[in-house]
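# Build me a model from this:
(one chain, ligands or ions: 1)
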Amino acid sequence: MTANTYPIDAIRSHFPALALSDNGVDRLYFDNPAGTQVPERVLERTREAMVECNANLGGFFTTTLKSEELYVAGHEAMADMLNASSAREVAFGANMTTLTLHVSRSIARDLKPGDEIIVTRMDHDANIAPWLLIAEDTGATIKWLDFDTGTYQFADDAIDPLLSDRTRLVALGYASNCTGTINDVKAMAAKARATGALTYVDAVQYAPHGPIDVQDLGCDFLACSPYKFFGPHQGVLWGREEVLERLHPYKVRPASDDPGEKFETGTPSFEAIAGTLGAVEYFEEIGAAYADPGATKYAPLRDRTARIHAALDYLGAYELDITRRLTAGLQALPGVTIRGITNANLFHMRVPTVSITVEGHHPKRLAEALAKRNIFVWDGHNYAVEPVRRLGLLDKGGVLRIGPAHYNTSDEIDRFLTALDELITQR
Ligand SMILES: Cc1ncc(COP(=O)(O)O)c(C=O)c1O
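Model prediction:
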């Protein structure tokens, strides 16, 4: 599939926000790594939750019963998206950070001084700080997995010398929100498991761009955020059922003791769970309409999982097409350095999140000037404090981050490149 055959107009028509302009200038959303726009299906499901069944769970009347239906359907949808064994393994929460801080407290109960936790220099702080905090509380030791600042990847065997029979947890990012690198989580989780350690995967930045199969990955926890994959502001935690069963939850006594639900504190955001269901249904719809869920590689999966995964593969291929156009255009501009993978043969190892620096231009000033042209990008460290520090950019304003998604067009890539070129050459 190429950008020429991709049904971009049909795809864009699902997203009302894409039609908006300000003072006659179209909005160009390249801020997707920090949050995406939502399709109509998400709005319909959210409205349904707030109008037709706005009630808490556990009663006998119409709204509570219907609310429960949506709540269950939301868990089942996420279980299918992640290919979990069952919906019992899914917990919803405020966001990935809150869920991670929350479950880390339960994991900490099993740690003692001398135990070891591996964190990486490539991760977002949401998959570092919680583990630093529990290490502080328990006396566990932190070990850092570093990446190669030339390849923007972990060397294949980099984790080996860090693993020992005292390793209790390995915290890994599936894809970096700074460099865009996709990591070989499956291989690293297998190594962690061989030493008896748990693996906690931050899939926030990967989930909008590719299919996730937690059973195939062999990890123990995986967290993501629906607002990054075209849903509402919310977080999702998946945990392997037997691991969740073992953990002692910080919860109020009358709340559920079910493996996933016991990590959902208080009344959930039913409207956000319904909206997340809508986002998963959007993927299903794309999978059924444009992709090939019957392809052999999806055959072992449940039908809905096959549709969702086929959709994510299909959308991801288009994203990489326009990202190639973006990186090629950036490389042609004077003074631009891409802080991530640029080798076309390694594009399957990156998501479309592209961070750059421009010689002589502060990232904040560029983001500000682009905003004046209604082009939305982020600058700074974007909470990827460790990678930005490792790249020597922490005291230089970090990076300018451009994040296309599957609803962006080649014309938008060109509009951005022209604008950046003007800003660089007109200074
Ligand atoms: C890779 C990564 N991990 C974690 C987070 C934090 O997610 P949340 O806002 O759901 O807490 C983000 C948000 O930008 C992210 O990009």
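
# Can you pull the residues of this structure lying near the ligand?
Counting by Cβ under 6 Å from any ligand atom, the chain comes close to the ligand at 34, 95-97, 124, 126, 173, 177, 202, 204-205, 225, 235, 383. Glycine gets a C-beta too; all of them are placed from N, C-alpha and C.

# Which single one of those residues is nearest to E319?
Nearest to E319, judged by Cβ to Cβ, of the residues of the chain next to the ligand is Q205 at 12.7 Å.

# is it true that the closest one touches Y174?
Yes. Counting by Cβ atoms under 8 Å, Q205 does reach Y174; the two are 7.1 Å apart.

# possible to save the residues of the chain next to the ligand as JSON lines with neighbour count?
JSON lines is the format used below for the residues of the chain next to the ligand (neighbours: other Cβ atoms under 10 Å):
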{"residue": "A34", "neighbour count": "16"}
{"residue": "N95", "neighbour count": "17"}
{"residue": "M96", "neighbour count": "25"}
{"residue": "T97", "neighbour count": "21"}
{"residue": "H124", "neighbour count": "23"}
{"residue": "A126", "neighbour count": "24"}
{"residue": "G173", "neighbour count": "28"}
{"residue": "N177", "neighbour count": "28"}
{"residue": "D202", "neighbour count": "29"}
{"residue": "V204", "neighbour count": "29"}
{"residue": "Q205", "neighbour count": "26"}
{"residue": "S225", "neighbour count": "28"}
{"residue": "G235", "neighbour count": "25"}
{"residue": "Y383", "neighbour count": "17"}
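
# Narrow the residues you listed to those in helices?
Among these, the subset assigned to helices under DSSP state H consists of M96, T97.

# Just the residues of the chain next to the ligand: which are in strands?
Of the residues of the chain next to the ligand, the ones assigned to strands by DSSP state E are G173, D202, G235.

# Can you classify Y314 by secondary structure?
Here Y314 is helix, with the state taken from DSSP: H, G, I helix; E, B strand; the rest coil.

# Regarding W144, what is its secondary structure?
Secondary structure, three-state DSSP: W144 is strand.

# can you list the residues that contact the helix or strand harbouring T63?
Assigned by DSSP states H and E, T63 belongs to helix 62-82. With Cβ atoms under 8 Å, 6 or more residues apart in numbering as the test, helix 62-82 has contacts from 45, 48-49, 52-59, 84-87, 89-90, 92, 212-214, 222, 224, 236, 238, 260, 268, 270, 273-274, 276-277, 280-281, 283, 302, 304-305, 308.

# what's the residue closest to the geometric middle of this structure?
Closest residue to the average C-alpha location of the chain: V204 at 1.8 Å, with Cα atoms, centre = their mean.

# Just the helices from the stretch 301-427 of the chain, written as ranges.
Using DSSP state H, counting those that start in this stretch, the helices found in the stretch 301-427 of the chain span residues 303-331, 363-372, 385-390, 410-425.

# And the contacts of the second one?
The one in question is helix 363-372. Contacts of helix 363-372 (Cβ under 8 Å, 6+ apart): 357-358, 376-380, 397-400, 416, 419-420, 423.

# By neighbours, which of these wins?
V399 (28 neighbours; other Cβ atoms under 10 Å).

# Point me to the residue of the stretch 301-427 of the chain nearest the ligand.
Y383 (5.9 Å; Cβ to the nearest ligand atom).

# My guess is that residue contacts I128. True?
No. Assessed by Cβ under 8 Å, Y383 is found out of contact with I128, at 9.6 Å.

# Walk me through the domains of this protein.
Domain segmentation of the chain under automatic domain parsing yields 8-30+316-425, 43-281.

# which of the ones you listed sits most buried?
Counting by mean count of other Cβ atoms under 10 Å, domain 43-281 has the highest mean neighbour count of those, with a mean of 20.

# what about that one, how long is it end to end?
The straight-line separation of the ends of domain 43-281 (Cα to Cα, to the nearest Å) is 12 Å.

# what's the spacing between that domain and its chain's center?
Distance of domain 43-281 from the chain centroid (Cα atoms, centre = their mean, to the nearest Å) equals 11 Å.

# measure the residue lying closest to I375 once chain neighbours are set aside to P161 for me?
In space, I375 comes closest to L28 once its chain neighbours are excluded; the distance is 4.4 Å by Cβ to Cβ, 6 or more residues apart in numbering. L28 sits 45 Å away from P161, going by Cβ to Cβ, to the nearest Å.

# repeat for Y407
Distance of Y407 to P161, computed by Cβ to Cβ: 43 Å.

# Throw the residues of the chain next to the ligand into JSON lines and include pLDDT and distance to I118, thanks.
Listed next are these as JSON lines, based on pLDDT from 0 to 100; distance: Cβ to Cβ, whole Å:
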{"residue": "A34", "pLDDT": "98", "distance to I118": "27"}
{"residue": "N95", "pLDDT": "98", "distance to I118": "24"}
{"residue": "M96", "pLDDT": "98", "distance to I118": "19"}
{"residue": "T97", "pLDDT": "98", "distance to I118": "20"}
{"residue": "H124", "pLDDT": "98", "distance to I118": "16"}
{"residue": "A126", "pLDDT": "98", "distance to I118": "16"}
{"residue": "G173", "pLDDT": "98", "distance to I118": "12"}
{"residue": "N177", "pLDDT": "98", "distance to I118": "19"}
{"residue": "D202", "pLDDT": "98", "distance to I118": "13"}
{"residue": "V204", "pLDDT": "98", "distance to I118": "19"}
{"residue": "Q205", "pLDDT": "98", "distance to I118": "19"}
{"residue": "S225", "pLDDT": "98", "distance to I118": "23"}
{"residue": "G235", "pLDDT": "98", "distance to I118": "23"}
{"residue": "Y383", "pLDDT": "97", "distance to I118": "20"}
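
# Bridged to I117, which residues?
Taking DSSP bridges, one obtains I142, L169 as the residues bridged to I117.
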